[in-house]
Each structure stands twice: as structure tokens, then as C-alpha cells.
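K.L.:
what follows is a predicted structure for the sequence shown.
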Amino acid sequence: MLGVKRSDLPLDQDAHSRFLPWLIAFMVFLAVLAIGGILALNATAARWDQGVGGTLTVQIAATEDARADQNNLQEVLNVIAAQSGIERYTVIDEDRMMALLSPWLGESAKAGDLPLPKLIDVGLADEAQFDLKAFTRALQLRVPEASVDDHRVWLQRLVKLIRTVQLIALSILFFIALATVGTVVFTTRTGLAVHKEAIEVLHLIGAQDSYIAGQFAGRAMMLGLKGGLIGIVLGLPALLAVGYLAESLQDAALPELAFGIGEWALFAAIPISVAALATTTARRTVLRSLARML
Amino acid sequence: MSKGNITRFENVGLRYGLGPEVLRDVTFSLDQGSFHFLVGESGAGKSSLLKLMYLALKPSRGLISLFGCDIATTPRPELPALRRQIGVVFQEFRLLEHLSTFDNVALPLRVAGIREQDVTRHVTELLEWVGLKDHMKSRPPTLSGGQQQRVSIARAVIARPRLLLADEPTGNVDDRMALRLMHLFEELNRLGTTIVVATHNMALVDSLGHPVMRLDAGAMSVVAGSGNKSAAREWRESRESAAAQARARRGRIREDNDETDADPPGIENFL
């Protein structure tokens, strides 16, 4: 309405509110990084879950006797074949094993230098219906050297770590919002004090509280939007730069910064939400202050 | 329109914080369409009484009713609607310095949500009438004291209030302009607005002869009803010397650079 275009209070000339967009820009910058981190970690957790979930590894410890080892392997394969709910299984051959071990043992290590356990990669048809305990019991009854590693413990710890980091990022976001609210409250209160006289006149002339609050809210919205845009313009390149650096390290364990439309929409929503937050905060601050007048 | 009570005070007392009562047991009522002067020495509580009437203050005790509403029990959100029916000429004008003359006068209409084209028409006509047509875009600090006073009066009357309260509305203008502003008030009064003018200007009180309410150290000692002008005259005589002093005081600060405008069109044009 008219109140937005034309203000009865000279709020746009207030020196004290000039710093507000920059503070908000800083907050939004931090928020962009925090949200980027949360999203990247989400993707990582999902990727890990997909890669490792639904599989388990059966390991048969090597003994002195090569023939006993061979028997053990056959026994284990029999048990696996008899077990329902298993989709596929592969015995990992020695070449692949050496390749997996080479980071620790070096390229010169050859098969047969060390007693290597036998590993069988097992893919489950349906994780929920598979009875891990019964399978393990049956296996160890036949081959005491066999053990089952279902990755779940390992994965759960990693996912827990990711969730913890995400929780920290979320609480950072919360504090960013809190700081933004605090800044807007402070700026609005200063504005109320500076324009006390004009506000009182408006009040006595018969202005509704919402009329006066609307002027502050409109101003806060403009400042919030401005700050939000500056923040996102600075924050997104920073986030992408971090993503580029992480990518250049080529470490599979590092989170990936590949955002879809939903994620970009989320970033676009930041300046709008910040403006909305500033608007609501300013409005409520003014209304609460005016409620003290008759 | 029936001649009801515009405002009624019953045993109203007012104190600021824990200080002494600045108003004590004030009881009076104003009929619709009445015109009163409010007199009393400075510090007698005139401004406080007006503040109670324009809802800037709550009484410490007693009952105030305005347009038939008990102020103490009227919900806060309904007070702005009452305030819009009151025009106030503040002693210190209280114009918004960042707004032009036009915007200052337009304020009550805009606050009430009047359409902008109507606002423009009404404000332009009224400013023409009070002789400020050439200063519509000027800001208050660039205006003389008398011009600011006229802006403040224009702002008070623009929304055609039911009750007009003026605190020393003629303190900054010469006698000629003072009389003209009083005629504006009388014109409004004739059209049904109830008017209370607080003033020190005894000459003005004398020349217009409206009933006088007198505040003396926080107590309303004389309320001269319509037609009962003798009480006012009596008091006036008793205060003759004080008034003369006040006049002398004002005379010194009346170096007002009020231009003498050509006689403007009649008030009926904008009312």
C-alpha cells in the first residue's frame, strides 16, 4: 500500500541503520557456508549408505595349513549357498586383495608373502529380512575361523559423525538467525528512540500501531533484502571455491558439492528468509514498544 | 446531531510518578458544539488537562469519558479511532521536520487511510486558506514561528475533528492573525466542532466572549457555562494585572516575521 512507498518517518536517513545490510550480509555469508556444508554432508552420507549398505563381508582367517584353508572356504561357500536372502557372493581373489593392501605394504609385496585371509563379498537381497545372527552362528559352527563383518558398525559411526557435524552446522545457523534478530531489534529500538517525537505525533493523530510498525517493517525488509543479496553474492562463490578445492584433492571421502535445483532454490531462499525475518522482527519490536503507550 | 457530551471528567486526578497531584478533583463536561477558553497561570495544569483530553496521558484517578466511551475500559486498539476525532494544536507545534508543509498537514488524512487524490485536494484548499499556499513544499524549519503555528493548526483541523484542542494556538502570531485563526475555530465550531482553547491571551478571551474554564493550582475553580459570561469576566478582572504582564512578556517575543497575506478565500471552500 501507500505506507510502503511513502514513509512518514525519515528512516531512510538514519545513520545507525546503514551498517545493518553489511551485518546481515556477513550473517548470510556464514549461513551460505553452513548450509552448503550440511547439504554436502547429506549427499556424502547417502552415497556411503548406498555403496556399503546391503552388503557384508565374510572373512576366513588363514591357518598354517593351506588345504584346511581351502576346505574352510568350501564350507563357508556351502553355508552361504544354503542361506536364504543372499543375492550374490564373490570370493575376492588374491590380485585384488594385494591391490587393496598395496597402500600399506607397498607395490613390491607379492601374494604368498603373508598369510592372507580369504574374503567373500556378499550382497543381500533384502537387508531387513536377512537374519544376521543366525547366519553368523551357522557359519561359526561349521568354520570357527570365519567371521562376519556387516559394515554397519563402521558405517553407523561415520554417519553419526556426519550427523554431529551437521547438527553443529544447524546450531550455527540457529545462532546466525539469533544474531540477525538481535541486530534488527537493536537497530529498530535505536530508530524508535531517534524518532520518538515523530512516532508520538503519529500516535496522537490516531495512527494504528500497525501503521507505525509497517513503516519500520518496510524499512527493515529493504535493508534485510539488500544485506541478504550482498551476502549470497559473496557467499556462493566462496562456497564454490571451497568445493573446487575439495574436488581437486580427489579424495573420495570428502563431501561433494554438486547441487541440484532444490539446493539452489534453498540458497535463493536465504535472502528472502532473512528479509522476512528482519521484517517480522522489526514489526514485533515496534508493536511491543508501542504497546507501552496509551 | 443530538447535543450529547463530547467529554466528561469526574473527580479526575493526575500525578506524574510519585510527585504531587498536578490536577485535583477536576469535574466538568463539554457539550457538543461548545467553545471554551481554558485559562490559568503557567504550571496550573492546562497542558496536563489537554493531554488527558487528547489521550496522551491516563488519569491517576477519576473517570474520563470521550464521545461516550469510558477511557479506562476502552480497549487499546479502539483508541486510535477516538483520537482521529480529536484535532490537537500542540503548544510546541510538533511538526515533523523531515516532512513538507503539505505532508505534515496531510498526515491525519493519510493515517486514516483517505485516498491520496482527496488528500491532495483537501490539503491544498486548507493551506490556501491559512495563507501557506506558497509554502506547501517547505519544511517546518524553514518557516517562521507563525507559519509553523498555522501549519500545526491546519493539521489539527484538516480531518474535521469533533473535538479541537488548542494549546496556546496564538502564541506566535500577531493579533491580527490570532483573531483570524480564532475565526477559523469559530467557523469550525459553527459547523459542530467542540473547541477548547488554552491561552494566556486575555485580550482574545475578552474579544470573543466564550465561556472560560479556569485552572488554579490543579483545581478547576470556575467553569462558566454557556451564557454565563459573568464568571469569566469576574475572573478576568481579577487577573487583569497578571494578564498585562503576560502581554508585555509576549510583546517582547512577538518579533514574528509573519507576512500579511491578502485575504484568502472563505473557509467554506474547504470545509
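P.N.:
Perfect, thanks for sending it.
K.L.:
quick one: average pLDDT of the helix or strand encompassing residue A:212?
P.N.:
In this structure, residue A:212 sits in helix A:209-249 according to DSSP states H and E. Here helix A:209-249 scores 91 as its mean pLDDT.
K.L.:
starting at the chain centroid, how far to it?
P.N.:
20 Å (Cα atoms, centre = their mean, to the nearest Å).
K.L.:
counting by contacts, list what it packs against.
P.N.:
Applying 3 or more Cβ pairs under 8 Å, 6 or more residues apart in numbering or on different chains; DSSP states H and E, we find helix A:209-249 packed against helix A:2-5, helix A:20-52, helix A:152-194, helix A:196-205, helix A:261-290. Where you see a C-beta, it was placed from the backbone N, CA and C, and this is true even at glycine.
K.L.:
out of these, which comes closest to residue B:46?
P.N.:
Nearest to residue B:46 among those is helix A:196-205 (17.0 Å), distances taken as Cβ to Cβ.
K.L.:
C-alpha coordinates for the closest one, PDB please?
P.N.:
Taking Å, rounded to 0.1, in the frame of the first residue of the first chain, the C-alpha atoms of helix A:196-205 are listed here in PDB:
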ATOM      1  CA  LYS A 196      10.300   9.100  19.400                       C
ATOM      2  CA  GLU A 197       8.900  12.600  18.800                       C
ATOM      3  CA  ALA A 198       7.500  11.800  15.300                       C
ATOM      4  CA  ILE A 199       6.100   8.500  16.500                       C
ATOM      5  CA  GLU A 200       4.400  10.100  19.400                       C
ATOM      6  CA  VAL A 201       2.800  12.700  17.000                       C
ATOM      7  CA  LEU A 202       1.700   9.900  14.600                       C
ATOM      8  CA  HIS A 203       0.300   8.100  17.600                       C
ATOM      9  CA  LEU A 204      -1.700  11.100  18.900                       C
ATOM     10  CA  ILE A 205      -3.000  11.900  15.400                       C
END
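K.L.:
rewinding a little: can I get the helices and strands packed on helix A:209-249 in TSV including distance to chain B and mean neighbour count?
P.N.:
Output for those, formatted as TSV (distance: least, Cβ to the nearest Cβ, whole Å; neighbours: other Cβ atoms under 10 Å in any protein chain shown):
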stretch	distance to chain B	mean neighbour count
helix A:2-5	7	12
helix A:20-52	20	19
helix A:152-194	11	16
helix A:196-205	5	20
helix A:261-290	10	18
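K.L.:
without its sequence neighbours, what residue ends up closest to residue A:28?
P.N.:
Nearest non-adjacent residue to residue A:28, counting by Cβ to Cβ, 6 or more residues apart in numbering or on different chains: residue A:231, 2.5 Å away.
K.L.:
ok, now which ones touch that neighbour?
P.N.:
A:24-29, A:31-32, A:270-271, A:274 (Cβ atoms under 8 Å, 6 or more residues apart in numbering or on different chains).
K.L.:
related to what we said a few turns ago, by mean pLDDT, show me the worst of the helices and strands packed on helix A:209-249.
P.N.:
For the helices and strands packed on helix A:209-249, where the average pLDDT is lowest is helix A:2-5, sitting at a mean of 44.
K.L.:
how about low-confidence regions in the stretch 1-150 of chain B?
P.N.:
Within the stretch 1-150 of chain B, the stretches with pLDDT under 70 are B:1-3.
K.L.:
kindly report the residues of it close to chain A.
P.N.:
For the stretch 1-150 of chain B, the contact set with chain A under Cβ under 8 Å from any Cβ of the partner chain comprises B:54-58, B:76-77, B:79-84, B:86, B:88, B:94, B:96, B:98-99, B:103, B:107-108, B:110-112, B:116.
K.L.:
buried only: go through these for me.
P.N.:
For the residues of the stretch 1-150 of chain B next to chain A, a burial check counting by 16 or more other Cβ atoms under 10 Å in any protein chain shown picks out B:54-57, B:79-80, B:82-84, B:86, B:88, B:94, B:96, B:98-99, B:103, B:107-108, B:110-112.
K.L.:
would you mark the buried spots in the helix or strand residue A:89 falls within?
P.N.:
If you go by DSSP H and E, residue A:89 is part of strand A:86-91. Buried residues in strand A:86-91, counted by 16+ other Cβ under 10 Å: A:86, A:89.
K.L.:
could you do stretch A:205-222 as well?
P.N.:
Neighbour counts over stretch A:205-222 (16+ other Cβ under 10 Å) mark A:205-209, A:211-222 as buried.
K.L.:
can you give me the helices for the stretch 101-250 of chain B?
P.N.:
All helices of the stretch 101-250 of chain B, identified by DSSP state H, counting those that start in this stretch, fall at B:101-111, B:116-129, B:145-157, B:175-190, B:202-208, B:229-238, B:240-253.
K.L.:
any chance of those helices in TSV with distance to residue A:123 as columns?
P.N.:
Shown next, in TSV, are the helices of the stretch 101-250 of chain B (distance: least, Cβ to Cβ, whole Å):
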stretch	distance to residue A:123
helix B:101-111	74
helix B:116-129	74
helix B:145-157	84
helix B:175-190	93
helix B:202-208	103
helix B:229-238	107
helix B:240-253	100
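K.L.:
mind checking how far residue A:63 is from chain B?
P.N.:
88 Å (Cβ to the nearest Cβ, to the nearest Å).
K.L.:
report how many residues lie close to that residue.
P.N.:
13 (other Cβ atoms under 10 Å in any protein chain shown).
K.L.:
in what helix or strand does the closest residue in space to it that isn't next to it in sequence lie?
P.N.:
Distance criterion Cβ to Cβ, 6+ apart; nearest residue to residue A:63, sequence neighbours excluded, is residue A:69 at 5.8 Å. Using DSSP H and E, residue A:69 sits within helix A:66-82.
K.L.:
what sits up against that helix?
P.N.:
Contacts of helix A:66-82 (Cβ under 8 Å, 6+ apart): A:58, A:60, A:62-63, A:86, A:89, A:91, A:118, A:120, A:122, A:135, A:138-139, A:142-143, A:145-146.
K.L.:
hmm, who's touching stretch A:156-174?
P.N.:
A:30-31, A:34-35, A:37-38, A:41-42, A:44-45, A:48-49.
K.L.:
how far off centre is stretch B:199-213?
P.N.:
With Cα atoms, centre = their mean, you get 13 Å for stretch B:199-213.
K.L.:
can I get the CA coordinates of that stretch in CSV?
P.N.:
Output of stretch B:199-213 as CSV, limited to C-alpha atoms (Å, rounded to 0.1, in the frame of the first residue of the first chain):
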residue,chain,number,x,y,z
THR,B,199,-4.5,30.6,26.2
HIS,B,200,-2.8,33.4,28.1
ASN,B,201,-4.1,36.0,25.7
MET,B,202,-6.8,37.7,27.8
ALA,B,203,-7.5,40.2,25.0
LEU,B,204,-8.5,37.3,22.9
VAL,B,205,-10.7,35.8,25.6
ASP,B,206,-12.3,39.2,26.1
SER,B,207,-12.9,39.9,22.4
LEU,B,208,-14.6,36.6,21.7
GLY,B,209,-16.5,36.2,24.9
HIS,B,210,-16.7,32.4,25.0
PRO,B,211,-17.1,30.7,28.4
VAL,B,212,-14.0,30.2,30.4
MET,B,213,-12.7,27.3,32.3
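K.L.:
need the contact list for the residue nearest to the spatial centre of chain A.
P.N.:
Most central in chain A under Cα atoms, centre = their mean is residue A:38, positioned 1.8 Å from the mean C-alpha point. By Cβ under 8 Å, 6+ apart, residue A:38 lies in contact with A:166, A:169-170.
K.L.:
check residue A:89 too.
P.N.:
Residue A:89 neighbours (Cβ under 8 Å, 6+ apart): A:77, A:80, A:120-123.
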